[in-house]
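Colleague: the following block contains a protein sequence and its predicted model.
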Amino acid sequence: MIATVDIADLGFLRTIGAVRRRPKPDQVPGLRWLDIVFGVPLAMSRPPRPRRAVMLALWDDADAAAAFADSHRFAARFKTGMHATLQPLRAFGTWPGLDESIPRSRATTNDGPVFVFTLGRLRLSQFIRFMRASRPAEHAAIGADGLIWGTAGARPPMMATVSAWESAEASVAYAFNAPGGHPSASTPNAARTSTTSRRSYGSRRS
């Protein structure tokens, strides 16, 4: 199984169009799951403008992901942005398309940077509680040792974060040890969550 992340500044209308017309698994060979959220800077204090699109996807294999990126009309709109193909290292929770065989332990053996996704579907009744908890967690991430870059993503009820870390150890230290870190913004605020660490398989940045 392979994961991909694409982030591009499409502008307001094209971002809205991408969300509305995102491909479904039965429309793309090898696609297990795909969603698009509006990119939001971490710890942003004002209402975001939906100009940046974050596309997250899970695939059967790297060939299927590459075929989509290289030849699908929908993927072409993300060509000017950042693209990364990622090999899952570990996961917590469940998500459509996520292999159950992926290790669930905190420890992982990986040299070099990792990406971390957090995914959740927010219960509307928990919206205010979630926002109060997520803001300190995002501030903690910005100041965390080892963070290279990160962004939040939102398209209620879908909520997400994508972050790059210098090492798997740094991401684990933030997630489980940092005051105000990730656990404070996790369940029960979301109906279903998945946190995954992924090794970079290939990337492109324009």
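Modeller: Cool, the structure landed.

Colleague: looking at this, Leu56 is in a helix?
Modeller: No - counting by DSSP: H, G, I helix; E, B strand; the rest coil, Leu56 is located in no helix; its state is strand.

Colleague: wait, it touches Ala160, no?
Modeller: Yes - Leu56 lies in contact with Ala160 (CB atoms under 8 Å); the separation is 6.6 Å. Heads up, the C-betas are built off the backbone N, CA and C, glycines and all.

Colleague: what sits in contact with each of the two?
Modeller: Asp35, Val37, Phe117, Leu119, Gly153 (CB atoms under 8 Å, 6 or more residues apart in numbering).

Colleague: for the fourth one, give me the pLDDT.
Modeller: Here, the pLDDT recorded for Leu119 equals 85.

Colleague: tally of neighbours for it?
Modeller: Using other CB atoms under 10 Å, Leu119 has 25 other residues around it.

Colleague: show me the beta-bridge partners of it.
Modeller: Ala160, Ser194 (DSSP bridges).

Colleague: mark which of the shared contacts of Leu56 and Ala160 are part of strands, please.
Modeller: Asp35, Val37, Phe117, Leu119, Gly153 (DSSP state E).

Colleague: wait, which of the shared contacts of Leu56 and Ala160 is closest to Ala62?
Modeller: Distance to Ala62, by CB to CB, is smallest for Phe117 among the shared contacts of Leu56 and Ala160, at 17.5 Å.

Colleague: hmm, back to that, can you lay out the shared contacts of Leu56 and Ala160 as CSV showing distance to Thr109?
Modeller: Formatted as CSV, these follow (distance: CB to CB, whole Å):
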residue, distance to Thr109
Asp35, 30
Val37, 31
Phe117, 20
Leu119, 24
Gly153, 29
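
Colleague: out of those, which are buried?
Modeller: Among these, those buried by neighbour count (16 or more other CB atoms under 10 Å) are Asp35, Val37, Phe117, Leu119, Gly153.

Colleague: Ser101: which of those residues is nearest?
Modeller: Distance to Ser101 across those (CB to CB) is lowest for Phe117, with 17.7 Å.

Colleague: can you give me the strands in the protein?
Modeller: For the chain, applying DSSP E gives strands covering 2-9, 31-40, 52-59, 82-93, 114-122, 147-155, 158-165, 190-205.

Colleague: out of those, which is the most enclosed?
Modeller: Comparing the strands of the chain by mean neighbour count (mean count of other CB atoms under 10 Å), strand 52-59 ranks first with a mean of 24.

Colleague: can you give the strand pairings for that one, parallel or anti for each?
Modeller: Within its sheet, strand 52-59 is paired with strand 2-9 (antiparallel), strand 31-40 (antiparallel), according to DSSP bridges.
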